[in-house]
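Visitor: starting from these lines, generate the structure:
(one chain, ligands or ions: 4)
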Amino acid sequence: MDNRTVAAIFSEMADILAIQGENYHRIMAYRRAAENIAALGRPLEEVWRAGELETIPGIGKTLAAKIDELMRTGRLQAYEKLKAQVPEGVVAMLQIPDVGPRKAALFWKELGITSIDELEKAARAGKLRDLPGMGVRSEQKVLEGIQALRRRTGRIPLGVAWELVQAVLLPLREVPGVVQAAPAGSLRRMRETVGDLDLLVAAEDPEPVMARFRELPQVAEVLLSGPTKTSIRTHDGFQVDLRVLEPARWGTAIQYFTGSKAHNIRLRGLALDRGLSLSEYAIKREDGTEILCATEEEVYAALGLPWIPPELREDRGEIEAALERRLPDLIELADLQGDLQFHTTWSDGHASLLEMAEAARARGLKYGLVTDHSRGLGVARGVGPEELRRQRAEIEEVNRKLGGTFRVLAGVEVEVRADGSLDLPDEVLAELDLVVAAVHSGLRQGREQVTARAIAAIRNPHVDILAHPTGRLIGRREGADIDIEAVLQAAAEAGKAIEINAHPLRLDLNDVHVRRAVELGVTLVVNSDAHRPEDFDLLRFGVATARRGWATGADVLNTRSVEEVLAWVRQRNR
Ligand code: DGT
Ligand code: CA
Ligand code: CA
Ligand code: ZN
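Guide: Ligands and ions are numbered 1, 2, ... in the order given. Sure thing, here's the model as predicted:
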């Protein structure tokens, strides 16, 4: 427990108390303590060991006891109790300029808003202006505040960037004369976050494309607009750069603007070795004549290379692999035959088992493992032994209805408790087709403890898959401080699978960890973790992360048929 963590906990407690309209002095006590701990200048743990907590300004008996509890157990009951009373998204609203605890509470209590995204929707729909103490002007200020917050937090999560780009490309593709339209930059490489959006269009006449782009409803402000490039800022505060170029130069342009910069620098070096110079416009020979490349394949071929998938273009060994003709045959979305984690209304999902199965089937999947949360997580309607028994009957009924076109497997997302034990008894787990284990609480425990919990779960003979190992939420919550190397080693030894959670805010394992897992021969699973029917579309982000980690179809369990997956479980249990 370092100073920063303890300070953050106290400051969050102050926020929650403020939203609850608690006594001012109590709120200020937590705030002052948080500030003084953050500014302490020496490890709080040392002060605690020396028994001198109460010498810190603002720390009296009560707060000293709380720090003591945190240091000894890694947890704080009072904090957990408070957190359970106010949704995380409501606390997050306090980061919005001009939204204080009183307003956050108002939005939550009056309109049931529990996230910044929901708040934005409500503001756009004009639902905030009629609340007590609000008005059209203050509603507008909330929207501006959200945009400012997004600009400040900087990088855009992949899922948000993807949606925006699809929405922008659609009308551009309809402009007469447009031959090609595609994302470039970090989005095409499917990085987990994207700085700004880079779009490329091939057309002989740029102006109609630029004109259409400037008039899109997403545009808040045109930053610059010329014959080759237009930059805009969206209402959400995201910058989008559009470049339009002649179709004959598409290959060099899309290659250049896809990046990464590091990858491009290596390519330019290879070109120079061959007496060529590579730019976004063309490849130039020493005598000044140009080689125009209409496709990316031609660019790579001119440098003596096979085409390299964008997800690999980070200068992490892909150039060497390409030169030696040993690029991996990367997994593709169409390789997935099933999904081994989705939720239903039996826990915190929003659709029935049948609806979810049909949605998965509609996306070409052949099987799915239903994994509702076990009780311990404290989500509404978690499953215990009795619910799992009743759910089994529903699974059989759904499978009968689907008549062999799709198979639902019986599973659970069982909570790994703070002490590493599981939330359901072994005999209940033994009844299920596959078991997914996950750590959702106590992510702030020390490195050794969190790692030991994950490894204990992996070694439990009933567990098949460890879900989202770090528990991070990109841009919102750091993952646990966990020894991924040790977790992967344990999985390799036990023959268990590790999840790549496809939710674009998780992508957990991340690309770098996937790469290590592949090296160690760990079996991977790409799971949607769907909570609603449309969430099965998120699988693309999981597959992209697998590709960024150099994974092939053979590395990923759910590229196999349902029989092969069940055989994988059985052979381990022999
Ligand atoms: P981002 O926006 O921070 O997520 O990352 P990128 O990769 O999209 O970078 P961005 O938007 O600055 O530039 C898009 C691509 O343009 C980049 O991936 C490679 C290319 N590029 C930009 N600046 C340079 C440069 O100075 N040298 C080279 N070789 N390529 C560049
Ligand atoms: Ca970019
Ligand atoms: Ca850019
Ligand atoms: Zn859930």
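Visitor: what about Asp419, neighbour count?
Guide: Here the number of neighbours of Asp419 (other CB atoms under 10 Å) works out to 10. All C-beta spots, glycine's among them, are computed from the backbone N, C-alpha and C.
Visitor: ok so it is a helix residue?
Guide: No: per DSSP: H, G, I helix; E, B strand; the rest coil, Asp419 lies outside any helix segment and is coil.
Visitor: helix/strand/coil for the residue nearest to it when sequence neighbours are not counted?
Guide: Leaving aside its chain neighbours, Asp419 sits nearest to Arg453 (7.7 Å; criterion: CB to CB, 6 or more residues apart in numbering). Here Arg453 is recorded as helix under three-state DSSP.
Visitor: how far away is Arg453 from Leu509?
Guide: According to CB to CB, to the nearest Å, Arg453 stands 17 Å off from Leu509.
Visitor: what ranges do the strands span in the stretch 251-400 of the chain?
Guide: Applying DSSP state E, counting those that start in this stretch to the stretch 251-400 of the chain gives strands spanning 276-278, 283-285, 290-291, 338-342, 367-370.
Visitor: tell me the mean pLDDT for the third one?
Guide: Okay, so that is strand 290-291. Here strand 290-291 scores 96 as its mean pLDDT.
Visitor: helices or strands next to that strand in the packing?
Guide: Under the contact criterion of 3 or more CB pairs under 8 Å, 6 or more residues apart in numbering; DSSP states H and E, strand 290-291 touches strand 283-285.
Visitor: next, the buried residues of the strand it packs on.
Guide: Along strand 283-285, these residues count as buried under the neighbour rule (16 or more other CB atoms under 10 Å): Ile283, Lys284.
Visitor: what does it contact?
Guide: Residues from elsewhere that reach strand 283-285 (CB atoms under 8 Å, 6 or more residues apart in numbering): Thr252, Ala271, Gly275, Leu276, Ser277, Glu290, Ile291, Cys293, Val299, Ala302.
Visitor: now neighbour count too, for those, in a markdown table please.
Guide: Converted to a markdown table, those look like this (neighbours: other CB atoms under 10 Å):
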| residue | neighbour count |
| --- | --- |
| Thr252 | 26 |
| Ala271 | 19 |
| Gly275 | 10 |
| Leu276 | 17 |
| Ser277 | 14 |
| Glu290 | 13 |
| Ile291 | 15 |
| Cys293 | 24 |
| Val299 | 25 |
| Ala302 | 18 |
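Visitor: around ligand 2, which positions in this protein sit nearby?
Guide: Contact residues (CB under 5 Å from the ion) of the chain with ligand 2: Gly185, Gly195, Asp196, Asp198.
Visitor: so what's the residue count around the second one?
Guide: With neighbours defined by other CB under 10 Å, the count for Gly195 comes to 15.
Visitor: return the residues in contact with it.
Guide: By CB under 8 Å, 6+ apart, the contact set of Gly195 is Gly154, Arg155, Ile156, Gly185, Ser186.
Visitor: can you pull the contacts of the first one?
Guide: Spelled out, it's Gly154. For Gly154, the contact set (CB under 8 Å, 6+ apart) comprises Gly195.
Visitor: begin at 50 from now on, thanks
Guide: In the new numbering, first residue 50, that becomes Gly203.
Visitor: and it, how far is that from ligand 3?
Guide: Gly203 sits 14 Å away from ligand 3, going by CB to the ion, to the nearest Å.
Visitor: one more: the last one?
Guide: When CB to the ion is the yardstick, Ser235 and ligand 3 sit 9 Å from each other.
Visitor: can you classify that residue by secondary structure?
Guide: Going by three-state DSSP: Ser235 is helix.
Visitor: now do the contacts for it.
Guide: Applying CB under 8 Å, 6+ apart, we find Ser235 in contact with Thr242, Val243, Gly244, Gly308, Ser309.
Visitor: ok, the third one to ligand 1 distance?
Guide: Right, Gly244. According to CB to the nearest ligand atom, to the nearest Å, Gly244 stands 3 Å off from ligand 1.
Visitor: who are the contact partners of the residue in the chain that ligand 1 sits nearest to?
Guide: Nearest residue of the chain to ligand 1, counting by CB to the nearest ligand atom: Gly308, 1.7 Å away. By CB under 8 Å, 6+ apart, the contact list for Gly308 reads Ala233, Gly234, Ser235, Arg238, Arg362.
Visitor: what distance do you get for it to Ile340?
Guide: Noted for Gly308: a distance of 21 Å to Ile340, by CB to CB.
Visitor: over to Met405?
Guide: Relative to Ile340, Met405 is positioned 52 Å away (criterion: CB to CB).
Visitor: pretty sure Gly149 contacts Phe156?
Guide: No: judged on CB atoms under 8 Å, Gly149 makes no contact with Phe156 at a distance of 11.3 Å.
Visitor: more neighbours, these two?
Guide: Between Gly149 and Phe156, counted using other CB under 10 Å, Phe156 has the larger neighbour count: 23 against 14.
Visitor: that one reaches Ala171, doesn't it?
Guide: Yes: between Phe156 and Ala171 there is a contact under CB under 8 Å: 7.3 Å.
Visitor: and for these two, which residues touch both?
Guide: Common neighbours of Phe156 and Ala171 (CB under 8 Å, 6+ apart) are Ile162, Leu177.
Visitor: now do the strands in the stretch 100-249 of the chain.
Guide: 205-206, 227-232, 242-243, 246-252.
Visitor: quick one: the first one near ligand 3?
Guide: No: counting by CB under 5 Å from the ion, ligand 3 has no neighbours in strand 205-206; the shortest distance is 12.0 Å.
Visitor: partner strands of that strand, with direction?
Guide: Next to strand 205-206 in the sheet, as set by DSSP bridges, lie strand 242-243 (antiparallel).
Visitor: from the chain's centre, how far out does the partner strand sit?
Guide: 10 Å (CA atoms, centre = their mean, to the nearest Å).
Visitor: same question for stretch 595-615.
Guide: The mean C-alpha position of stretch 595-615 is separated from the chain mean by 20 Å, CA atoms, centre = their mean.
Visitor: stretch 335-343 now?
Guide: Mean-position distance between stretch 335-343 and its chain equals 42 Å (CA atoms, centre = their mean).
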